[in-house]
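*Asks:* Give me coordinates for this.
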Amino acid sequence: MSPIESSVFVSCISLVVIFTTLSTLIFVIKALVKWMPYVPPPAKPASSSDNAETSEHIAVIHSALAHYLKKAPNEIQITNIRSL
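*Replies:* Numbering: from 1, shown residues only. Alright, predicted model coming up:
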């Protein structure tokens, strides 16, 4: 067998192995999704103490941001806060 023929043969075997492995993974993932579907956790009910704590956090963030930007607190407005 010439070197070109052997390299083509090895490449074909590699492609067959790769696509067989990928097809198997696709089948396994689809089976797992069908048997164990995602169920979101139940929503945590909001309590009144939670709202007071949230407003305190917003006030602290607002004052720290105003101090950092060296502006008066009434010059800035916080519209959206996301936890990281």
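*Asks:* Tell me where the protein is predicted with low confidence.
*Replies:* 46-53, 84 (pLDDT under 70).
*Asks:* So it: which segments form each domain?
*Replies:* 1-39, 55-84 (automatic domain parsing).
*Asks:* Let me have these in TSV, extended by distance to Pro45 and mean neighbour count.
*Replies:* Backbone N, C-alpha and C define where each C-beta goes, glycine included. As requested, the domains of the chain are arranged in TSV below (distance: least, Cβ to Cβ, whole Å; neighbours: other Cβ atoms under 10 Å):
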stretch	distance to Pro45	mean neighbour count
domain 1-39	18	9
domain 55-84	18	9
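*Asks:* What segments of this structure are helices?
*Replies:* 3-35, 48-69 (DSSP state H).
*Asks:* Glu75 is nearest to which of those helices?
*Replies:* Glu75 lies closest, by Cβ to Cβ, to one member of the helices of the chain: helix 48-69, at 7.3 Å.
*Asks:* Can I get the closest one in PDB, CA atoms only?
*Replies:* C-alpha atoms of helix 48-69 as PDB (Å, rounded to 0.1, in the frame of the first residue of the first chain):
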ATOM      1  CA  SER A  48     -42.200  41.300  53.500                       C
ATOM      2  CA  SER A  49     -38.800  41.200  55.400                       C
ATOM      3  CA  ASP A  50     -37.200  40.300  52.000                       C
ATOM      4  CA  ASN A  51     -38.600  43.500  50.500                       C
ATOM      5  CA  ALA A  52     -37.300  45.700  53.400                       C
ATOM      6  CA  GLU A  53     -33.800  44.100  53.000                       C
ATOM      7  CA  THR A  54     -33.900  44.700  49.200                       C
ATOM      8  CA  SER A  55     -34.800  48.300  49.600                       C
ATOM      9  CA  GLU A  56     -31.900  48.700  52.100                       C
ATOM     10  CA  HIS A  57     -29.500  47.100  49.600                       C
ATOM     11  CA  ILE A  58     -30.700  49.500  46.900                       C
ATOM     12  CA  ALA A  59     -30.200  52.500  49.200                       C
ATOM     13  CA  VAL A  60     -26.700  51.300  50.100                       C
ATOM     14  CA  ILE A  61     -25.800  50.700  46.400                       C
ATOM     15  CA  HIS A  62     -27.200  54.100  45.500                       C
ATOM     16  CA  SER A  63     -25.200  56.000  48.100                       C
ATOM     17  CA  ALA A  64     -22.000  54.100  47.300                       C
ATOM     18  CA  LEU A  65     -22.400  54.800  43.600                       C
ATOM     19  CA  ALA A  66     -23.100  58.500  44.200                       C
ATOM     20  CA  HIS A  67     -20.000  58.700  46.400                       C
ATOM     21  CA  TYR A  68     -17.900  56.900  43.800                       C
ATOM     22  CA  LEU A  69     -19.100  59.100  40.900                       C
END
